[in-house]
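**Student:** Turn this into a model:
(2 chains)
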Amino acid sequence: MEDTQDKKKVVTRFAPSPTGHLHIGSYRTAFFAYLFAKKNNGKFIIRIEDTDKERSKKEYADEIFRVFETIGIVYDEKFIQSDHLDRHRALLKQLIEQNKAYVSREEAKDGSGVIKDIIRFRNPNKIVSFTDLIRGEISTDTTDLGDFVIAKNLEEPLFHLAVVVDDYDEGITHVIRAEEHIANTPRQILIHEALDFPVPHYAHLPLVLAPDKTKMSKRKGAVPVIEYLAQGYMPEALLNAICLCGWNPGTEQEIFSRTELEQLFDLDRVHRSGAIFNEEKLNWFNREYIKKLSQQEFWDHAQYGLNSSIVLDNEEHREILKKLEPLIRERMVKFEDMQLFFGRADGLVPGEFDYFFVEPSVDQKMLVWKNDTLENAKLHLTKAKEMLEQVADWTVESIQAVLMPYAESNGKGNVLWPLRVALSGREKSPDPFEIAAILGKEKTLSRINTILT
RNA sequence: GGCCCUAUCGUCUAACGGUUAGGACGGAAGCUUUUCAAGCUUUAAAUCGGGGUUCGAUUCCCCGUAGGGUCACCA
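**Tutor:** Model (predicted):
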């Protein structure tokens, strides 16, 4: 495991600015930086870039930490950029003293006409090239950039300076960030050189795109990751889906454990082109992960989406709920769907499965299967009732065993449809055997009876 | 517009220069114990265009085209 002494330990970072909710794209960047560090036995740090005091909000920074926590991205260290303001100022001063930057009196760009001092970097106007770990050689003639601004004034250093100083101070070896930063890299390399800091490795990740193939933004309906979590997507599923957007290990495997990812991930298999995040596929991932949950785990999660008073306020109903597990598990996309099945806390929105708890009102016309008649439907129901009364061992299997021969000789639809409707009152539901088994003998028979009388 | 980046099914993607261009999601059809869901089977669907290089290009090079990113006293 021991690396050669001269080989520096890998340190990556995720450096968001807390100016809004972070979406899939940002967390993918974070996760890739994390995975790369893990893969190389290195360190992953998070740095909140809050140099823009007007736009940065503590609540957004808190949200990032909270999402990291629930999603399970652990960082080895965390930094708040504004804590290092003095250091940034000192180096700004140093650059000016060394004549590598200068104070420039200019009219404010906001149109106010105010004349003030800003600090510009003395651009050596040369070709800067670097090897991007994902894209290869990228070179830029920095002459086009001019003497770019690195501080608002002596007291307020800006992004480019702060990033370079912090990356150096925090020992960052690999800057892994989104593609939109490619154009910033030459500037930052110039500052590294001016400060006599070693230049880190860079890897620019492709963008996660909105469905219209442009950069994701709130305006285009980018869903904050915290929102996905709130909807009851499993963190593991979310991360799995995020991770496979722009990267894959070259095999046909799609479901990965965290450990597998930490071993398999590599920058050289990250794509160069942007990708649209496929929410349908996220749904599929989530369902796959739900399937794998133990009973206990399933209910721990399901608890989250469940707030139906009709279910929770009644001991007997809570028992029924437990029996419903297989049915809801195979119908559920995300845990928020518990509300779809069982209604909301206020009881105003009905749940799809309410009939398991409360006797449904049944539309007589719905009882009739295709071209059959209501008389026949009732006849079959009567027969079914008689047969069911004889069932001693009330399980799906025995109920089915008793009913099926009759259904087969009289037309399955003709018999089973009215029975299912009688029990559920719905056009769509699980099959009558399952409903009957969960309802219990007594309720099943009484529901049929209600229809018949 | 300048600079930079990118280009395989609708979407995410696989393919030492040699494959019937593979998989997944989604779609369609069918099967299964009516309907719903699940499951199973089958199926449609792609190498942006033009030139090279080569015995042979999805793959390498060039030119187009298209898309994207970026051009702040934001990050």
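**Student:** Against RNA strand B, how distant is A:Lys365?
**Tutor:** Going from A:Lys365 to RNA strand B by CB to the nearest atom of the strand, to the nearest Å gives 15 Å. In this view, the C-beta of every residue, glycine as well, is placed from N, C-alpha and C.
**Student:** cool, A:Lys53 as well?
**Tutor:** Taking CB to the nearest atom of the strand, one finds A:Lys53 at 8 Å from RNA strand B.
**Student:** Repeat that for A:Ile255.
**Tutor:** Applying CB to the nearest atom of the strand, the value for A:Ile255 to RNA strand B is 9 Å.
**Student:** For burial, what's the neighbour tally of that residue?
**Tutor:** A total of 13 residues lie near A:Ile255 under the criterion other CB atoms under 10 Å.
**Student:** cool, the one 4 residues further on as well?
**Tutor:** A:Thr259 sits with 9 neighbouring residues when counted by other CB under 10 Å.
**Student:** isn't there a helix covering it?
**Tutor:** Yes. With DSSP: H, G, I helix; E, B strand; the rest coil as the criterion, A:Thr259 is part of a helix.
**Student:** what's near enough to touch it?
**Tutor:** For A:Thr259, the contact set (CB atoms under 8 Å, 6 or more residues apart in numbering) is empty.
**Student:** got the residues of the stretch 251-400 of chain A near RNA strand B?
**Tutor:** Residues of the stretch 251-400 of chain A lying near RNA strand B by CB under 7 Å from any atom of the strand: A:252, A:254, A:269, A:271-278, A:280-281, A:283-284, A:330-331, A:369, A:400.
**Student:** Narrow these to just the buried residues.
**Tutor:** For these, a burial check counting by 16 or more other CB atoms under 10 Å picks out A:274-275, A:277, A:369, A:400.
**Student:** and which of the residues you listed is nearest to A:Val67?
**Tutor:** Using CB to CB, A:Phe277 is the member of these that lies nearest A:Val67, at 16.1 Å.
**Student:** A:Val208 is in contact with the closest one, correct?
**Tutor:** Yes. Counting by CB atoms under 8 Å, A:Phe277 does reach A:Val208; the two are 5.3 Å apart.
**Student:** Between these two, which contacts overlap?
**Tutor:** In terms of CB under 8 Å, 6+ apart, A:Phe277 and A:Val208 are both contacted by the residues A:24-25, A:216, A:245.
**Student:** May I ask which of these has the most neighbours?
**Tutor:** When neighbours are counted by other CB under 10 Å, A:Gly25 leads the shared contacts of A:Phe277 and A:Val208 with 28 neighbours.
**Student:** Next up, the contacts around that one.
**Tutor:** A:178, A:207-208, A:216, A:222, A:277.
**Student:** backbone phi and psi for the closest residue to RNA strand B within the stretch 251-400 of chain A, please?
**Tutor:** As assessed by CB to the nearest atom of the strand, RNA strand B sits closest to A:Ser273 within the stretch 251-400 of chain A, at 2.8 Å. Main-chain dihedrals, A:Ser273, degrees, to the nearest 10: phi -100, psi 150.
**Student:** How much space separates it from A:Cys245?
**Tutor:** 12 Å (CB to CB, to the nearest Å).
**Student:** and what of A:Ala61?
**Tutor:** The gap separating A:Ala61 from A:Cys245 is 25 Å, by CB to CB.
**Student:** For chain A, name the helix or strand with the lowest mean pLDDT.
**Tutor:** Least confident element among the helices and strands of chain A, by mean pLDDT, DSSP states H and E: helix A:309-312 (a mean of 86).
**Student:** buried ones in it?
**Tutor:** Neighbour-count burial for helix A:309-312, counted by 16+ other CB under 10 Å, picks out A:310-311.
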